[in-house]
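[1] mind folding the following:
(one chain, ligands or ions: 1)
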Amino acid sequence: MKRKLNVGMIGYNFMGKAHSNAWRQAGKFFDLPAEIELKTICGRTESSVEAARKQLGWQQASTDWREVVNDPSIDIIDITTPNDSHAEIAIAAAQAGKAILCEKPLGMNVAECEAMVAAVEKANVVNMVCHNYRRIPAIALAKKMIEEGALGDRIYHYRARYAQDWIADPKFPLVWRLQAKISGSGTHGDIDAHIIDLGRYLVGEIDEVCGLMETFIKERPLLESTGSGLSAEAGKTTGEVTVDDAVSWIGRFKNGAMANLEATRFAYGRKNHITLEINGSKGSLAFNFEDMNRLQYFNAEDPADRRGFRDILVTEGSHPFLNAWWPPGHIIGYEHTFVNTFADFVKAVVEGKSVQPTFADGLANERVLSAVEKSAKNRSWEKVG
Ligand code: SOE
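    Residues are numbered from 1 along each chain as shown. From the prediction side, this is the model:
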């Protein structure tokens with residue numbers, strides 16, 4: 001008989017939907033050492049959380065996250081709430097001895113992230129921050145190839161861009177992601193955090209940074225109502241935008257590689273456009289999330305007359321995560337990145353040993369975010385603290 005793991009998920013909007021799907025699917029595709037029960041879903045508004053419970057397949061609903069965190073039958077707390085509540089919920093969950101999966105960015109600032117790391121270390125609970133893009137098979141393959149030396153023994157460049165356009169219309173309302181008191185930062189913590197995580201994963205730790213941040217639209221209509229995903233309806237009165245709309249920065253990794261990153265929600269036509277290029281002493285890798293089943297690889301050791309980027313269709317059973325999915329060429333999508341992540345997390349919970357990215361990675365990420373912010377504010381180069 002497999003052990004049963006009861007999950008309590010706090011929050012139920014866009015990420016709540018992605019996470020619920022992953023909890024439902026992980027055990028159906030991966031041979032997991034435990035059975036997952038979608039026990040309790042939690043949110044502030046009774047009618048909405050009940051509707052989400054029915055739609056997303058949870059057994060019960062609650063409007064009190066403390067009750068869920070302290071429920072002795074719950075093994076895992078999954079945090080998908082806006083950023084300002086991550087720390088309080090995660091620290092309480094650690095004190096209650098639960099394994100914790102938390103959406104990114106881990107906290108609002110370095111101090112909060114430090115407190116979260118201290119709490120999970122003190123309680124010795126399994127913890128993970130949900131940087132789902134690490135477990136795109138093409139990205140996991142890139143990691144394997146870099147480790148095996150496919151790019152050579154030296155990485156020269158990490159170039160990454162995360163571009164979206166969902167707030168490019170100045171009439172798009174002031175949702176929580178545009179309010180610093182709830183989100184901490186804007187594009188920076190929301191999506192730059194992802195390409196920082198991928199840089200730390202694929203290339204290494206970042207040493208120093210020099211950044212530029214901008215808020216193009218400083219006043220927006222207040223929110224009338226929220227739709228699904230990232231959609232929202234504007235009201236008549238307006239309010240101040242208190243976060244960045246775009247950020248770009250350069251930096252240096254501890255291993256000497258140069259970093260060049262840009263994150264924006266003002267790139268019309270770019271929807272969830274994560275592009276990476278990594279150049280090393282023996283070759284290059286390139287990736288585009290909007291074509292996420294492919295990885296481009298250039299090997300400078302190929303015969304001179306047939307060198308060129310190879311287009312690897314990352315769908316073979318021999319590629320990371322893919323023996324759990326479909327036959328070759330039967331491509332996967334966004335939701336699978338969460339399922340792959342949660343499968344690894346469930347194994348970690350059963351083994352009692354965290355898998356990356358842990359809360360410590362979330363803290364390291366926040367230190368980079370914070371150094372870039374400081375640099376943009378002071379117009380200076382900053383060391384990553
Ligand atoms: C909104 O920008 C968002 O949903 C982010 O919060 C996610 O982390 C990103 O992966 C997709 O876009």
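[2] please name the nearest non-neighbouring residue to the residue of the stretch 51-200 of the chain found nearest the ligand.
    Per C-beta to the nearest ligand atom, Asp190 is where the stretch 51-200 of the chain lies closest to the ligand, at 4.7 Å. Heads up, the C-betas are built off the backbone N, CA and C, glycines and all. Leaving aside its sequence neighbours, Asp190 sits nearest to Arg177 (C-beta to C-beta, 6 or more residues apart in numbering; 5.9 Å).
[3] tell me the contacts of Asp88?
    One correction, residue 88 is Glu, not Asp. By C-beta atoms under 8 Å, 6 or more residues apart in numbering, the contact set of Glu88 is empty.
[4] distance of the spatially most distant residue from the centre of the chain from the ligand?
    No residue in the chain has its C-alpha farther from the mean C-alpha position than Asp305, which lies at 40.6 Å (C-alpha atoms, centre = their mean). Noted for Asp305: a distance of 41 Å to the ligand, by C-beta to the nearest ligand atom, to the nearest Å.
[5] also Glu351?
    The value you get for Glu351 to the ligand, if C-beta to the nearest ligand atom is used, is 27 Å.
[6] so how many other residues sit close to that residue?
    When neighbours are counted by other C-beta atoms under 10 Å, Glu351 registers 11.
[7] shouldn't Val339 be in contact with Ala26?
    Yes - if you go by C-beta atoms under 8 Å, Val339 and Ala26 touch, sitting 5.3 Å apart.
[8] near the ligand, which residues of the stretch 251-385 of the chain?
    The stretch 251-385 of the chain has residues Asn272 near the ligand, with proximity defined as C-beta under 6 Å from any ligand atom.
[9] ok, now the stretch 101-250 of the chain?
    164, 190-191, 194, 230.
[10] could you identify the buried members of those?
    Neighbour counting with 16 or more other C-beta atoms under 10 Å marks 164, 190-191, 194, 230 as buried within those.
[11] would you list those residues in a markdown table and tack on secondary structure, pLDDT and distance to Cys113?
    Output for these, formatted as a markdown table (DSSP: H, G, I helix; E, B strand; the rest coil; pLDDT from 0 to 100; distance: C-beta to C-beta, whole Å):
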| residue | secondary structure | pLDDT | distance to Cys113 |
| --- | --- | --- | --- |
| Gln164 | coil | 98 | 24 |
| Asp190 | helix | 98 | 16 |
| Ile191 | helix | 98 | 18 |
| His194 | helix | 98 | 16 |
| Leu230 | coil | 83 | 25 |
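[12] good, we can wrap up now.
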